[in-house]
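A.B. asks: Have a look; sequence and predicted model below, questions after that.
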Amino acid sequence: MIRPALIVAMLAALSAVPAHATRDDAEIQHLLSTIGNSGCTFVRNGTDHPAQAAEDHLRMKYRHAGSRIGTAEAFIERLASESSWTGQPYLIRCGADQPVPSGDWLSHQLREFRETRPG
């Protein structure tokens, strides 16, 4: 006989799995963490935002996009490259360097992650 507490625990575990979890989710999570830990400035709609705020903003967009984002490339192209409100490109500025399009910066980070990841 299945105990009610076991059913509750199983349902809780299932609800903890994000609806958008895909085989590429680890890469997307890596990209999000890389942004947040970069120390770079994220320029969104002409306004500078600290790295952690950029990570939070893109996590929110990813959460709302759900299963429509199945790959890291789709995440970069559809969520992390430009404002969905204004169409303005997102930029990332690290230190005294000139700002670069966030899509280019993230694509570079993804390539490096894939090159160093075992398997």
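C.D. replies: Received the coordinates, thanks.

A.B. asks: The spatially most central residue of the chain and residue 82, how far apart?
C.D. replies: In the chain, the centroid-proximal residue (Cα atoms, centre = their mean) is residue 32; its distance is 3.9 Å. Remark: distance between residue 32 and residue 82 (Cβ to Cβ, to the nearest Å) = 17 Å. For glycine as for every other residue, the C-beta is placed from the backbone atoms N, C-alpha and C.

A.B. asks: what's the closest non-adjacent residue to residue 94?
C.D. replies: Excluding the flanking residues, the one nearest residue 94 by Cβ to Cβ, 6 or more residues apart in numbering is residue 40, at 4.1 Å.

A.B. asks: isn't that neighbour right up against residue 92?
C.D. replies: Yes: the pair residue 40 / residue 92 is scored as a contact, 5.1 Å apart, by Cβ atoms under 8 Å.

A.B. asks: Would you mark the buried spots in stretch 30-50?
C.D. replies: Residues of stretch 30-50 classed as buried by neighbour count (16 or more other Cβ atoms under 10 Å): 30-32, 34-36, 38, 40-44, 49.
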